[in-house]
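In: Structure for this input, please:
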Amino acid sequence: MRTKRASRGTVFSRLRDLVDVFAASSPARFAILIFTSLILMFTALLSLPIATASRTPTPIVDAFFTAVSSICVTGLNTVNMATHWSTFGNVVILIGLEVGGIGVMTLASMLGFIVSRKLGLRARLMAASDSNAGRIHVGPVSESQAIRLGEIGGLLTTVAISVLAIELVLTVMFIPRLLLAGADPWHAVWESFYFATSAFTNTGFVPHTSGLADFATDPWMLGTIALGVFVGSLGFPVIFALARRFRTPGRLSIHVKLTLLTTVVLIILGAIVLYSLEWNNPATLGAQQPIDRPMTATFLSIMTRSGGFSNVNVGDMHGASLLVMDMLMFVGGGSASTAGGIKVTTLAVLFLAAAAEARGNGDMQAFGRRIPTDVLRLAVSVVLWGATIVAVASIALMEVSKAPLQDVLFDVISAFGTCGLSTGLTESLPDSGKLILAATMWAGRVGTVTLAAALAASQRPQLFRNAEERPIVG
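Out: Residues are numbered from 1 along each chain as shown. Purely as a prediction, here's the structure:
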């Protein structure tokens, strides 16, 4: 008996050591492995007959697509989310939203913290990589960060508390409105929690068959959804920094300032442009009362952070409006947030670089701080990888679906930015098209930096530098 236990212990110990070595040698690949494994596990669960209301198995492609959309907190769907799934299926989906929203690596570190009651160096590095992509790209960095390595324990505590607290507050805010709409107490609580989770994780799944049609001009419902999406899109490092600032007043980091400023500017500009383009469209804003149109335009602008909710038919919007939303969805939300896209700080760094070049400054500067050039290189890499993914996916999807570029580009960028808004194309795609969008969601949620770091070979020390020569640019 002791021999068997000893052998089992030896096997598990060896397996644990192998996992530790793999995680330490390539955190990015380890993150992708965990992420992909979770998607396959959720696909298996959603394929079970018990997961559907009709007790019939869901086609494997639709189960896979829903699993990817849930784990990637995207919100695109190929089945009716309100009627297709059973209670078991909805619970699986909600768990997927929580896992995807918190972040796989952060969740892994949280579980390790609960089990061991303390964070080891490896756990701190894994969580730091999840909160700051630069740590994966160049390793530990010396410049001031929103989350320092020694503060990862505080970050994880903030993540756990903020997720529970924010979703609880949102749930309480939703309940009275759903009760007034005629829902019984049980369904009011269940749907309120569903809305709260979907909003905070920036997913966009709606538990109603009619979507948001019943609340298309409801300020309380739309305002609560927008609040959840906005907070979720800021990112846990920003939430952590603001919570720390509330307890002990001090200077906010440049990451927090850039995230808040860029997010607010994009929301305001997006609302103004969408209102200007759609105010007389009889199929969208033009069908609403004049007093409701600014609210709808602002709501749609916030949803492009990666929210995915919509109180109008996106397919009926003008082509110019769709292009504006394409750009906003491509940018997405804050780093280490539940939102997708290239992130608002990436856009901010590119604009700061352009401003520095126009002024003839040798350094990028913001809020009295200098931004190192390696951050600019990382920002350019993120944009190029993101644009490449969108271009390849768009070409492939156009070839498969034969749909117009306007609709294809919108749904592809929505998938890459894990947004969830759709012109209606996704539901009509063949299986091959669904797989293309699923791969786009996966690449968008894993992150272009993490994906590039996972595919790149290990860095080799460079013992010499070539002679410098400047090409002509522009």
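In: hang on, A403 packs against L425?
Out: Yes: under the criterion of C-beta atoms under 8 Å, A403 makes contact with L425 at 5.6 Å. C-beta here means a position set from N, CA and C on the backbone, and glycine is covered the same way.
In: Neighbour count: these two, which is higher?
Out: Set side by side, A403 and L425 show more neighbours around L425, with 22 against 17, by other C-beta atoms under 10 Å.
In: For stretch 171-190, list every residue counted as buried.
Out: For stretch 171-190, the buried set under the neighbour-count rule, 16 or more other C-beta atoms under 10 Å, comprises T171, M173, F174, I175, R177, L178, A183, A188, V189, W190.
In: That one spans what distance, first to last residue?
Out: This stretch, stretch 171-190, spans 9 Å end to end (C-alpha to C-alpha, to the nearest Å).
In: For the closest residue to T56 other than its chain neighbours, give me the pLDDT.
Out: Using C-beta to C-beta, 6 or more residues apart in numbering and skipping residues adjacent in sequence, the residue nearest T56 is P49, 6.0 Å away. Among the per-residue scores, P49 holds a pLDDT of 96.
In: again, but for A438
Out: On the pLDDT scale, A438 is placed at 96.
In: Tell me who's in contact with it.
Out: With contact set as C-beta atoms under 8 Å, 6 or more residues apart in numbering, A438 has these partners: F64, F65, V68, S69.
In: in what helix or strand does it lie?
Out: Using DSSP states H and E, A438 maps to helix 431-446.
In: Next: Y194.
Out: Y194 is located in helix 185-200, with elements delineated by DSSP H and E.
In: which helices and strands does that helix pack with?
Out: In terms of contacts (3 or more C-beta pairs under 8 Å, 6 or more residues apart in numbering; DSSP states H and E), helix 185-200 is packed against helix 87-102, helix 152-180, helix 219-234.
In: who touches the first one?
Out: By that I understand helix 87-102. Around helix 87-102, the neighbours that count as contacts under C-beta under 8 Å, 6+ apart are 38, 42, 45-46, 48, 50-53, 66-67, 70-73, 81, 85, 107, 110, 159, 163, 193-194, 197-198, 200-203, 205, 207, 232, 338, 445.
In: quick check: angle from the helix holding Y194 to helix 152-180?
Out: Between helix 185-200 and helix 152-180, the angle formed by their directions is 130 degrees, by axes from the mean of the first three to the mean of the last three C-alpha atoms, to 10 degrees.
In: Measure how far helix 185-200 is from the centre of its chain, please.
Out: Its chain's C-alpha centre and that of helix 185-200 lie 20 Å apart, by C-alpha atoms, centre = their mean, to the nearest Å.
In: Poorly predicted segments of the stretch 151-300 of the chain, please.
Out: 151-158 (pLDDT under 70).
In: one more time with 90
Out: By pLDDT under 90, the low-scoring segments of the stretch 151-300 of the chain are 151-165, 181-183, 207-214, 235-253, 255.
In: for the stretch 351-474 of the chain, what spans make up the helices?
Out: With DSSP state H, counting those that start in this stretch applied, the stretch 351-474 of the chain shows helices at 373-401, 405-416, 431-446, 448-455, listed in chain order.
In: Put together JSON lines for the ones you listed, with distance to S13 on each row.
Out: Rendered in JSON lines, the data for those read as follows (distance: least, C-beta to C-beta, whole Å):
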{"stretch": "helix 373-401", "distance to S13": "38"}
{"stretch": "helix 405-416", "distance to S13": "41"}
{"stretch": "helix 431-446", "distance to S13": "30"}
{"stretch": "helix 448-455", "distance to S13": "27"}
